[in-house]
Structure formats: structure tokens, C-alpha cells
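Visitor: predicted model and sequence follow; I will ask about them next.
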Amino acid sequence: MDAFLKVEDLSRVYRGMRGEPLVVFDQVHFSVRKGEFVCIVGHSGCGKSTILNILAGLDEATSGVVVMDGREVSGPSLDRGVVFQSHALMPWLSAEKNVAFGVRSRWPDWSRQKLAAHCRKYLDLVGLTGSEHMKPAELSGGMKQRVGIARAFAIEPKMLLLDEPFGALDALTRGLIQDELKRICAATHQTVFMITHDVDEAILLSDRIMLMSNGPRARIAEIVQNTLPENRARDTIHKDPRYYPIRNHLVDFLVTRSKRFNAEPPPDYDPRYPPIISPGVSANPETQRGDQPFAREERVFNLHS
Amino acid sequence: MTKSSAYRAALLSLAIFGLFLLVWHLATLPVDNTIGGDSEYAKLMGGGDTTASGLPTPLQMGETIWRHLSNPFYDNGANVKGIGIQLAYSIARVLLGFALAALLAIPLGFLIGMSPLIYRALDPFIQVLKPISPLAWMPLALYTIKDSTTSSIFVIFVCSLWPMLLNTVHGVASVRRDWLNVAKTLEASVLRKAFLVILPAAAPTILTGMRISMGIAWLVIVAAEMLVGGTGIGYFVWNEWNNLSLTNVIFAILTIGVVGMLLDLVFGWLSRLVAYQE
């Protein structure tokens, strides 16, 4: 199976106060398939946001390449929609005009009516029917982030990049919007790359979860395959026998192993092929290395059926 | 609650004004010239009309205000023009100088705000030019332009320039990174980014600069017209001082205040139009 997005040997080096190089992350390799939802989890400072900004074209890698759909990523593009952590809506524009800003860039020769209808469609999709003409200041935090999501979806990007989109929301609102995001992504087969701090959010939404070790010199330590069924839902997910093994594995990594990882990586660790793990499939989490990122996937599927 | 407190504030304002009129009235009660005062001075001031301090009484002031306002637009030659005409000259000079300054300051401020290189290159010049009193330019302006009206417009231009320029630079340079990133990821063209993102984002700061500039321009025009003479409210003040008509001087001072307030109100209203709430 061909990777839709391929990231090879990515690194980012900053200059310190005395000009000494500070390597935030290096040797980052991963790929994302078309229609896949991938989350990246790690502590602050491991460079997750930098990776997302490089994918968005807002930042530049020190080394390495990003290839999306056969083309090297250089600079921002309407092919990649970004949902920012702080919603980043323009406060002087109504919800609809915020969405229209991107749509107008994408399809400059559309008529006013067509443009408005397209924006309405995506505002309806995120449940904002009737709030089109409100300014961001009149919307609640959750509604603002919905507009942000509608704006990213409305340009019909090949890939969606989400930078901790629900970080600033209360738990109840977060749950509602997660459900909506899951529904929309499933319906549109959207390819998504998302940063999160929330382990449950990662398990609910993503097909694969990439775990990053702590910076400096952060790397992708392992990739966790989500073995829960496609139709998992928030209210029943915790009853699945595979849920807690996955959750425990993620929490265990974040709490203890992420710190130690760089100092004492597993003996056969190769950053080009981070181990793919499927907690909950068998009693002992497999830590074998695959020859290529997706080689394990079929075995997991066989074990599952 | 707010309505009743606004009502009470208005009542208090009226009371303060009433008290002021009373004190004024008592301070300017007529005195008998034949006993104490300087008789020569009394003759100069028109004898019996004279008050203790030489200042007009509230009633005299009221008559003067009424006389000026009931016929503001007469023009009977060089020094005999209605207050409306004098004000119109001043306002026209201010608006012209201000508009020219805005035409330069806002585009230049955009450029400086968007480019750190240009900012650094122009910063020393701005730092030196900014603290110069606009009136210090007057002799140079008169020498090179050789026209007093154009020179006063030039002085207004110079004094309006800096607050607008610096506020535009500041507004443009501090547009939130997020909004610029949105414009970038949505592949907005340079013009769309400038007019649909940076301009509305910086508009409140730019308007504040314009409001400050207008305030300064209105202060400076009075001094400039005192220097160059001919027409305008500043010249009117100086002319009436030469006529020793304190009543007219006070009337002109009041008018300057009221017009300044109205100009500021216009910019306050414009600021509210471009304001946004985050």
C-alpha cells in the first residue's frame, strides 16, 4: 500500500543563546495512508507542533523531506487544511466570512451565491446552522473551534492538520466536537494528522498513534496500532477489552518510558522503522520491528479476524 | 442604574457650570472708576463699562457669543470676517495637511511594519525627526515654499505625520501571527493578505494614530496661524488680542475647544466602526 504522506529523516535544529545547536528532533520517519487518521502524542518540547508546522509549510525543516501525494512539500498550500489550537478566527469577520476567506482562495471565480452556499454547507456540517452571521466574539469557545474546523474542511484539502484543536475546550464540549470530527472524517475519508495531549482522544479518533520520546533529540519511539473497531463510540469504548491495554500502554509510555527512551532505546530500535505495537491483541505487546511501516498491519488484521 | 447615574452626572455638570457662572459674575461686578482705578486705563477701556479686572461679565460674554453665532459668515475685508469663515480656513488647512500626512503615513507605515529591514533602516531618521516641534519647520517652509498658507498646511502635515506613521507601523507589525499563518495556509495573495487581514487587524491602532494626529494638528494650527497671520482662528485670537478685546479672545478660545471636541468625536466614532472584539 502506498503512503499518501511520507516523512523522511526530518530534523529541526535551533540555534541556542551562544550559537550552540539545539536539536529538537531528528531522524523522524513516518508515513500516513490516504484516509487514515494519525495522532502524534508526546510531551511538550518534543517538537510535535514544529512537525505539524513543517507539514503545513509554515516552518522549515533543517533536514529531511516531506512528500505528499508524490510532491515535495515546500511552503503552505490549500492542499493541506490547518486547524489551529487557538482557533485563529479573524474577529472582524462573521463565521461565514471566515470560512469564505479560504473558499475564495481555493475557487476564486465562484459566484457569490455559490460561495455562500458552499460555506453554509460546511457550517451546517459542524452544527453551526443559524450562527453564520455571528462574529467570533459572540460564539462560545466550542463554536469558534467548529468554525475553525469548517474553514479547514471547506477548502476540501487532501490532508487535514490539527494542532491540539480541543486543548482549550471544556470536557463536555470537547466530547461533542470529537464525535462530530469523527463522523465527518469517516464520511469524507479525510486524511488527518493530529497533535493531542489527550490519550482518550487519540484512542477514540485515530487509526494509529505515534509516540514521541522527550526532546531534545526527540524521535518517534513507537507506533501504536489502534485495534478497536471502526465504529467505536465514546460511550461504549471503555467496555471493549482492548481499550485498557491500549490506554495503559500509552499512559505508561508518557509517564515513564518517554523520558528514558533517548538514553536507553530498545536494542533493535531503528528510527527509520519505529516498532509497531498492537496492545490488547495478545497478552504481551509485540515489539518486533517491521521491515516497513505497514508490514505489521496485515498481521494485526489476521490476528483480529 | 446607568441611566439614573448618567442623569445625576448631567445634573452635577450643570451645577458646576452654574457655580462657575456665579463666581465669574461676582468676580467681575462693576466698580466705581472715579474713586480707585487708573483713570487713563479706564478711558482706554471705555469708561463706565470697565470691571474690576478688565474681564467681561458673563452677560457681556453671552452677548458676544450671540453676536458672533447669529452672523458667522460675513466678510467685510481683511480683518473683518465672521467666526465661521475664520474657522472654515483653519479646518480646511488642518484637513488638507492631515489628509496629505495620512496619504504618506499609512502606506509607508504598512511598508515599514511589514519589513523589519526597512524598519531598521528608517528608524534613526524617524527618531530624529519625530521630536522636532512642527513650528520649528516654519521658517524653512516659508523660505522654500514662499507662501504662508501652504507653509501652515506643511506644518500641519509634519505634525500629523508621526503619530499616524508610528501607530500604523506598530499596528501592522503586531498583527497576530495566527492570522498571518491562516492567510498563508489559505494561500491568500499579497493584496488579499494586506487588505483583508493586516488592514482590518491594524485598523483600530491606525485610527488611534489618526485621532492623536488630528488632536495635535488642531493644537498646532492655532499657533501656526498666529505666526503666519491673514486668516484662521489662530490669527483671529491674535488680532483680537491686538484689539484688546478679551471678550472676543475668550470667545475664540471656547470655539477652539468646541471644534477640537467635535473633530475628536468624529474620530471616536470612526474608531468604533473598525473596532473588533477578540
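Guide: Received the coordinates, thanks.
Visitor: the closest residue to residue B:200 other than its chain neighbours: helix or strand, and which one exactly?
Guide: Counting by C-beta to C-beta, 6 or more residues apart in numbering or on different chains, residue B:200 lies nearest to residue A:92, which is 4.6 Å off, once chain neighbours are set aside. Glycine gets a C-beta too; all of them are placed from N, C-alpha and C. Under DSSP states H and E, no helix or strand contains residue A:92.
Visitor: and if you look at residue A:12?
Guide: Going by DSSP H and E, residue A:12 is part of strand A:5-15.
Visitor: tell me which other helices or strands the helix or strand just after that strand touches.
Guide: Toward the C-terminus, strand A:5-15 is succeeded by strand A:21-32 as the next helix or strand (DSSP H and E). Helices and strands touching strand A:21-32, by 3 or more C-beta pairs under 8 Å, 6 or more residues apart in numbering or on different chains; DSSP states H and E, are strand A:5-15, helix A:48-56, strand A:220-225.
Visitor: again, 10 Å this time
Guide: strand A:5-15, strand A:37-41, helix A:48-56, strand A:63-68, strand A:191-196, strand A:208-212, strand A:220-225 (3 or more C-beta pairs under 10 Å, 6 or more residues apart in numbering or on different chains; DSSP states H and E).
Visitor: mean confidence (pLDDT) on it, please.
Guide: Strand A:21-32 comes out with an average pLDDT of 91.
Visitor: can you list the buried residues in it?
Guide: Neighbour-count burial for strand A:21-32, with 16 or more other C-beta atoms under 10 Å in any protein chain shown as criterion, is recorded at A:23, A:24, A:25, A:26, A:27, A:28, A:29, A:30, A:31, A:32.
Visitor: now that strand and strand A:63-68, what's the angle there?
Guide: 30 degrees (axes from the mean of the first three to the mean of the last three C-alpha atoms, to 10 degrees).
Visitor: and the helices in chain A?
Guide: Remark: helices assigned in chain A by DSSP state H are A:48-56, A:95-106, A:112-125, A:141-154, A:171-188, A:199-205, A:243-252, A:258-260, A:295-304.
Visitor: show me where the stretch 1-150 of chain B has helices.
Guide: Assigned by DSSP state H, counting those that start in this stretch, the helices in the stretch 1-150 of chain B fall at B:2-27, B:39-44, B:58-70, B:83-114, B:116-129, B:138-145, B:148-173.
Visitor: which of the ones you listed comes out lowest on mean pLDDT?
Guide: Among the helices of the stretch 1-150 of chain B, helix B:39-44 scores lowest, with a mean of 59.
Visitor: where in chain A is pLDDT low?
Guide: A:1, A:282-305 (pLDDT under 70).
Visitor: residues of the stretch 151-278 of chain B that sit close to chain A?
Guide: B:176-189, B:192, B:196-197, B:199-201, B:203-204, B:274-278 (C-beta under 10 Å from any C-beta of the partner chain).
Visitor: make a ChimeraX selection of the buried ones in these.
Guide: Buried residues within those, by 16+ other C-beta under 10 Å, are selected in ChimeraX with:
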select /B:179,180,181,182,183,184,185,186,187,188,192,196,197,199,200,201,203,204
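Visitor: picking up where we left off before, any chance of the helices of the stretch 1-150 of chain B in a markdown table, plus mean neighbour count?
Guide: Listed next are the helices of the stretch 1-150 of chain B as a markdown table, based on neighbours: other C-beta atoms under 10 Å in any protein chain shown:
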| stretch | mean neighbour count |
| --- | --- |
| helix B:2-27 | 10 |
| helix B:39-44 | 12 |
| helix B:58-70 | 14 |
| helix B:83-114 | 20 |
| helix B:116-129 | 11 |
| helix B:138-145 | 15 |
| helix B:148-173 | 23 |
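Visitor: for chain B, which of the helices of chain A is the nearest?
Guide: Closest approach to chain B among the helices of chain A (C-beta to the nearest C-beta): helix A:95-106, 4.1 Å.
Visitor: now do the contacts for residue B:182.
Guide: With contacts defined as C-beta atoms under 10 Å, 6 or more residues apart in numbering or on different chains, the neighbours of residue B:182 are A:76, A:82, A:84, A:87-90, A:98, A:101-102, A:148, A:151-152, B:176, B:188, B:193, B:197.
Visitor: now do 8 Å
Guide: Contact partners of residue B:182, counting by C-beta atoms under 8 Å, 6 or more residues apart in numbering or on different chains, are A:82, A:84, A:88, A:90, A:101, B:197.
Visitor: got a pLDDT number for it?
Guide: 94.
Visitor: then the one 10 residues further on?
Guide: We have a pLDDT of 92 for residue B:192.
Visitor: find the centremost residue of chain B, please.
Guide: By C-alpha atoms, centre = their mean, chain B has its centre lying nearest to residue B:218, at 2.0 Å.
Visitor: contacting residues around that one?
Guide: Here residue B:218 is in contact with B:94, B:256, B:259, B:260, B:263 (C-beta under 8 Å, 6+ apart).
Visitor: looking at the contacts of residue B:182, which are in strands?
Guide: residue A:82 (DSSP state E).
Visitor: can I get the contacts of residue B:182 in CSV with distance to residue B:237?
Guide: Listed next are these as CSV, based on distance: C-beta to C-beta, whole Å:
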residue, distance to residue B:237
A:82, 60
A:84, 57
A:88, 53
A:90, 48
A:101, 52
B:197, 46
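Visitor: most neighbours out of the contacts of residue B:182, which is it?
Guide: residue A:82 (27 neighbours; other C-beta atoms under 10 Å in any protein chain shown).
Visitor: quickly list what it is bridged to.
Guide: residue A:161 (DSSP bridges).
Visitor: quick one, what contacts it?
Guide: Taking C-beta under 8 Å, 6+ apart as the test, what residue A:82 contacts is A:52, A:56, A:58, A:152, A:160, A:161, A:162, A:163, B:181, B:182, B:185.
Visitor: looking at those residues, which has the most residues close by?
Guide: Ranked by neighbours (other C-beta under 10 Å), the contacts of residue A:82 are led by residue B:185, which has 28 neighbours.
Visitor: for that residue, grab phi and psi.
Guide: phi -70, psi -20 (degrees, to the nearest 10).
Visitor: surely it is in contact with residue A:80?
Guide: Yes. Contact criterion C-beta atoms under 8 Å: residue B:185 and residue A:80 qualify, at 7.0 Å.
Visitor: okay, and the common contacts of those two?
Guide: With C-beta under 8 Å, 6+ apart as the test, residue B:185 and residue A:80 both reach A:56, A:57.
Visitor: spatially central residue in chain A, please.
Guide: Short answer for chain A (C-alpha atoms, centre = their mean): residue A:194, at 1.2 Å.
Visitor: what about residue B:271, how many neighbours?
Guide: Using other C-beta under 10 Å: residue B:271 sits among 16 other residues.
Visitor: do residue A:47 as well
Guide: With other C-beta under 10 Å as criterion, residue A:47 counts 27.
Visitor: and what of residue B:175?
Guide: Neighbours of residue B:175 using other C-beta under 10 Å come to 20.
Visitor: what helix or strand is the closest residue to it other than its chain neighbours on?
Guide: Distances taken as C-beta to C-beta, 6+ apart place residue B:201 nearest to residue B:175, at 4.4 Å, with adjacent residues excluded. Per DSSP H and E: residue B:201 is located in helix B:199-228.
Visitor: quick one: mean pLDDT for the helix or strand just after that helix?
Guide: The helix or strand immediately downstream of helix B:199-228 is helix B:233-242, counting by DSSP H and E. In this model, helix B:233-242 has a mean pLDDT of 93.
Visitor: between helix B:83-114 and helix B:233-242, find me the angle.
Guide: Using the same axes, to 10 degrees, helix B:233-242 lies at 140 degrees relative to helix B:83-114.
Visitor: chain center to the helix or strand just after helix B:233-242: distance?
Guide: With elements assigned by DSSP H and E, the helix or strand that comes after helix B:233-242 is helix B:246-274. Relative to the centre of its chain, helix B:246-274 is centred 7 Å away, using C-alpha atoms, centre = their mean, to the nearest Å.
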